[in-house]
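Participant: Have a look at this prediction, sequence included:
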Amino acid sequence: MIEQLKIEWQKRPVWMNLIFLFCLFMVFIYSPFDIFTKPYAQWADVWLGYTLTGWYAKAGEQLHWLVYSLGAYGFWKMKSWMWPWAAIYSAQVVVAMVVFSVAHSADLFTGIMQAAVTGGIFLIPTIALWRAKALFTEG
């Protein structure tokens, strides 16, 4: 069993294994909790930096669950269709972080500074995913 896990984790670089683990967390822990246990008053979901509430948020949560499920499967099997889609989704997260930071800050300067930090942090895996085409080899 341990040997099988070692072989599995060697399929991907460490940074990609961390993204894979994040997808698994979102699929099996966070999304089910978010979808099935939050009261209506707390329904909120963010897409492209804009916060959706109510039934739009609930629909967005379902879509997030699907995206992370596909991501978990794609990273697990290193599916070729993950490139460029993982990088594109990650780029959408960069945009969302920038928009959300600017839109929800006390003032424009603070928002721009927060956007630079959060956008910059999420730009790192976006670039790494874009450059990882050769790793996604299984059909």
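Facilitator: Cool, the structure landed.

Participant: Do a quick rundown of the strands in the chain.
Facilitator: 44-47, 50-53 (DSSP state E).

Participant: Same question for the first one: list its buried residues.
Facilitator: Of the residues in strand 44-47, 44-46 count as buried by neighbour count, 16 or more other C-beta atoms under 10 Å. Where C-beta positions appear, they are placed from N, C-alpha and C, glycine not excepted.

Participant: what's the answer for stretch 28-44, then?
Facilitator: Using 16+ other C-beta under 10 Å as the burial criterion, the residues of stretch 28-44 that qualify are 31, 34, 43-44.

Participant: So which of the strands of the chain is nearest residue 84?
Facilitator: Closest to residue 84 of those, according to C-beta to C-beta: strand 44-47, at 19.3 Å.

Participant: what does that closest one contact?
Facilitator: For strand 44-47, contacts defined as C-beta atoms under 8 Å, 6 or more residues apart in numbering pick out 51-53, 56-58, 60-61, 64, 96, 100.

Participant: Identify, from these, the entry nearest to residue 1.
Facilitator: Within these, proximity to residue 1 (C-beta to C-beta) peaks at residue 64, which comes in at 31.3 Å.

Participant: Present the buried residues of stretch 28-44 as JSON lines; the columns should include pLDDT.
Facilitator: Formatted as JSON lines, these follow (pLDDT from 0 to 100):
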{"residue": "31", "pLDDT": "95"}
{"residue": "34", "pLDDT": "92"}
{"residue": "43", "pLDDT": "92"}
{"residue": "44", "pLDDT": "92"}
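
Participant: ok, so of these, who is nearest residue 23?
Facilitator: residue 31 (10.2 Å).

Participant: If I follow the layout properly, that closest one ends up in contact with residue 63?
Facilitator: No: with contacts counted by C-beta atoms under 8 Å, residue 31 stays clear of residue 63, the gap being 10.3 Å.
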